[in-house]
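Chemist: Sequence and computational prediction follow.
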Amino acid sequence: MSELSAASGSVRKLWPTETIKFRDHMLRLDKVSRRMRFAHSVSDDFICDYAERMNELGGVVYAYIEDDDVRAVAELRKLGDVWGQEAEAAFSVEPTHQDMGIGSALMGRIIRAARNRGVKRLFMSCLPENNRMQSIACKYEAELTFEPGEVMGEIVPQDPNYFSVIAEALEDRVGYILAVLDLPERISRAA
Ligand SMILES: CC(C)(COP(=O)(O)OP(=O)(O)OC[C@H]1O[C@@H](n2cnc3c(N)ncnc32)[C@H](O)[C@@H]1OP(=O)(O)O)[C@@H](O)C(=O)NCCC(=O)NCCS
């Protein structure tokens, strides 16, 4: 992916069978990143439970994958049982992979996914000291609201069009083939 100049992996959707990769990524988040992600300290048990519910929670999960390991995820969650006008997003990038443009690349995918599902207001919440998250939100023209203990970002995605839908579908097709054939792993084993 051209926007990931400092990173050698790729971005694709995570499929419902990949909850273990999702869990292992979350477990690798250090104390600071866990607090930034969930707005409070969380235990390994909490993370395992959260990861088990990855599919139950519904929505779309994009991952940055390197050598078959998920190193970052972005979650687009519905606020009800079906896609409505509002949705929320959350991000986690492992400490070893932060500041490489991965969070920004994932934000682009999440906004497009929200757009293609007819979402009109996309929310993300972070702690006031989370400068990285706020920097990414501003890059995508989010409106930030500062409250005690929380910063809320709101993005208004454009309406979907032929190109946004096709771009997501084409990427999904490639991502699916990579996931099913486990191609990155085979290529690295063959090298
Ligand atoms: C927040 C997070 C998702 C950002 O992802 P990332 O891959 O590290 O971010 P990127 O590299 O794409 O971009 C980070 C931006 O923050 C900027 N930045 C880094 N440190 C900063 C600081 N102290 N002050 C202001 N901006 C800062 C970088 O310069 C970069 O902006 P640029 O692309 O314009 O140069 C990631 O750090 C993370 O997962 N943190 C832990 C969990 C979390 O905070 N989740 C968000 C709440 S749901």
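Modeler: Yes, it's here.
Chemist: rest of the way, CA atoms for contacts and neighbours
Modeler: Will do.
Chemist: name the element the residue most central in space within the chain belongs to?
Modeler: Among the residues of the chain, the one closest to the centroid is Ala74, at 0.7 Å (CA atoms, centre = their mean). Using DSSP states H and E, Ala74 falls within strand 69-78.
Chemist: what packs against that strand?
Modeler: Judged by 3 or more CA pairs under 8 Å, 6 or more residues apart in numbering; DSSP states H and E, strand 69-78 is in contact with helix 19-28, strand 60-66, strand 86-93, helix 102-116.
Chemist: Pull the number of nearby residues for the residue nearest to the residue nearest to the centre of the chain when sequence neighbours are not counted.
Modeler: What sits nearest to Ala74 in space, not counting adjacent residues and going by CA to CA, 6 or more residues apart in numbering, is Phe91, at 4.4 Å. Phe91 has 24 neighbours, counted by other CA atoms under 10 Å.
Chemist: my guess is Phe91 meets Arg77, correct?
Modeler: No. Shown here, Phe91 and Arg77 do not form a contact pair, counting by CA atoms under 8 Å, at 11.4 Å.
Chemist: before we move on, the earlier item: Throw the helices and strands packed on strand 69-78 into a markdown table and include distance to the ligand, thanks.
Modeler: Output for these, formatted as a markdown table (distance: least, CA to the nearest ligand atom, whole Å):
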| stretch | distance to the ligand |
| --- | --- |
| helix 19-28 | 10 |
| strand 60-66 | 10 |
| strand 86-93 | 3 |
| helix 102-116 | 3 |
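Chemist: For this protein, which residues are neighbours of the ligand?
Modeler: Residues of the chain lying near the ligand by CA under 6 Å from any ligand atom: 33, 36-37, 90-93, 98-104, 126, 131-133, 135-136.
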